[in-house]
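>>> Mind looking at a prediction? Sequence and model below.
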Amino acid sequence: MLSCRFHFPPFCINSCGEKVPSLQVGCGQQVWSSTDSLIKPHKFCRSSKNKSGNVFKAMPGTAAHHESDTRGMKIYLVSDVHTDHVENLEWIRNLSPTEYKQHTLILAGDVSDNLETFEITMKLLKEKFNNVFFVPGNHDLWCRREEDDVSDSLSKLEKLIETCRSIGVLTNPSNINGVWIVPILSWYHESFDREKDIDGYNIPSVQKACKDFSACKWPSPLDTSNDSIARHIDGLNDATLNTLPDLQHADCQVITFSHFLPRFELCPEKRMLLYPKLPKMIGSDWLEARVRRFHGERGSDTACHLFGHTHFAWDSTLEGIRYIQAPLAYPKERARMQNGAQKELPICIYDSDRGGLLQDPFPSRWSEYYRRNKREPDNQKLAPWVEHHYHHQKHHQIHVDI
Ligand SMILES: [Fe+2]
């Protein structure tokens, strides 16, 4: 028997302005758990050897390498900062001016669709952190504003990377004190979703529900009705990733990151989601292939991939790779503790003084749920809050904003 971990009022208004059961995330998700007890830290992903001291040199012309003192080096993670929301920009302004000064931030996409806000955010972060790594998310590639002066989402991508370069934000793989940090560009495709669809309900298509389909512009022959965008954007990685040394067999810590999901198991099952077609707009099989090229088919005890996009805090290990998401998400989601995180952001994932990759999992309600419960993709019984929505809403107008 499942029960909600937190006692919230039974209803709240979601970001679509709809009355929905509480604990729902954005327009499509809700957090529940099989236990009311607090999450207890598990021990896993222990580093068998301290690799933090090993300096692995980049090939000339491919990536920067830094060979300075590795003592006290920390790597932090946050995604989906969405600084179009003034509260989120304030959150960044209010980050300590001193605490992170020597450290590295990995920002896993979705900063702002407004180029000016994007630049302001990145400059602020660069003042706070020694190194900032970034990959663009879907919001970053929206082309809705004339002032941004971009013809399509690919030119927006180029412009973002140029902007990052001018500020000193890293978008290419780099070796930071012996730790390889590898950004991977990606885009989602519908065929990534291989679990059974929910039948019998009038669920809007992704094209209708998701703003990306109107806010992004893709040049021909790229087409939102097939996997051409996911393939094309994956191919853009070749220039930087194919020239790297063999990191899979290198004796050093490698951290890969993307905005989108490399595995569908990193998202709750459809019956749990207010928008059950969400898995069709979140991930990429080409991304998982890239990730495995760095971490190996079987992974390792230090293999780690970071991601964002769904706004679900997550920390789980699948086939030898640890996958972590730590989203800031929207102010409304935070106010209702809807993104499932129970820890202050940004989270520290690596600390050279504590043996490298930190072992304690990032407390995240959904991945905790799946540590205790198996996925049941054939189970068509909707979670109570999803059932309530589809039985009580005459018009299933859902706008998914992630
Ligand atoms: Fe996103």
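On my side now, so go ahead.
>>> ok, the residue positioned nearest the centre of the chain - contacts?
Central residue of the chain (Cα atoms, centre = their mean): residue 308, 0.8 Å from the mean position. Neighbour list for residue 308: 79-80, 108-110, 137, 259-260, 325, 327 [criterion: Cβ atoms under 8 Å, 6 or more residues apart in numbering]. Quick note: C-beta positions are derived from backbone N, CA and C, even for glycine.
>>> And those residues, which two are furthest apart?
Across those, the longest distance by Cβ to Cβ is 12.9 Å; it joins 260 and 327.
>>> what does this protein have sitting close to the ion?
Residues of the chain lying close to the ion (Cβ under 5 Å from the ion) are 110, 137-138, 309, 402.
>>> Quick check: buried residues in stretch 94-112?
In terms of neighbour count (16 or more other Cβ atoms under 10 Å), stretch 94-112 has its buried residues at 95, 100, 103-112.
>>> same check, this time on stretch 279-288
Neighbour-count burial for stretch 279-288 [16+ other Cβ under 10 Å]: 279-288.
>>> From those residues, which land in helices?
Cross-referencing the buried residues of stretch 279-288 against helices under DSSP state H gives 285-288.
>>> Can you tell me which of these is nearest the ion?
Within these, the smallest distance to the ion is 13.5 Å, found for residue 287 (Cβ to the ion).
>>> Residue 287 contacts residue 264, correct?
No: applying Cβ atoms under 8 Å, one finds residue 287 not in contact with residue 264, separated by 11.5 Å.
>>> quick one: the helices in the stretch 1-150 of the chain?
86-93, 115-128 (DSSP state H, counting those that start in this stretch).
>>> buried sites along the first one?
Looking back up the chat, that one is helix 86-93. 88-89, 91-92.
>>> same check, this time on the last one
Along helix 115-128, these residues count as buried under the neighbour rule (16+ other Cβ under 10 Å): 115, 117-122, 124-126, 128.
>>> with these in mind, which one is nearest to residue 351?
Set against residue 351, the nearest of the buried residues of helix 115-128 by Cβ to Cβ is residue 128 (17.5 Å).
>>> closest point of the stretch 201-350 of the chain to the ion, which residue?
In the stretch 201-350 of the chain, no residue comes nearer to the ion than residue 309, which is 3.9 Å away by Cβ to the ion.
>>> Against residue 108, how distant is that residue?
Applying Cβ to Cβ, to the nearest Å, the value for residue 309 to residue 108 is 8 Å.
>>> what's the answer for residue 188, then?
Distance, residue 188 to residue 108, using Cβ to Cβ: 14 Å.
>>> Low-confidence bits of the stretch 301-402 of the chain, can you list those?
338-342, 394-397 (pLDDT under 70).
>>> Tell me where it has helices.
Under DSSP H, counting those that start in this stretch, the stretch 301-402 of the chain gives helices at 331-335, 365-372, 384-392.
>>> Tell me where the stretch 1-150 of the chain has strands.
Along the stretch 1-150 of the chain, counting by DSSP state E, counting those that start in this stretch, strands occupy 11-13, 19-21, 24-25, 29-30, 74-78, 104-107, 131-134.
>>> Minimum distance to residue 230: which of the helices of the stretch 301-402 of the chain has it?
helix 365-372 (24.0 Å).
>>> what helix or strand does residue 291 sit in?
Secondary structure from DSSP states H and E places residue 291 in helix 285-295.
>>> tally of neighbours for the nearest residue to residue 306 once chain neighbours are set aside?
Distances taken as Cβ to Cβ, 6 or more residues apart in numbering place residue 257 nearest to residue 306, at 3.9 Å, with adjacent residues excluded. By other Cβ atoms under 10 Å, the residues close to residue 257 number 24.
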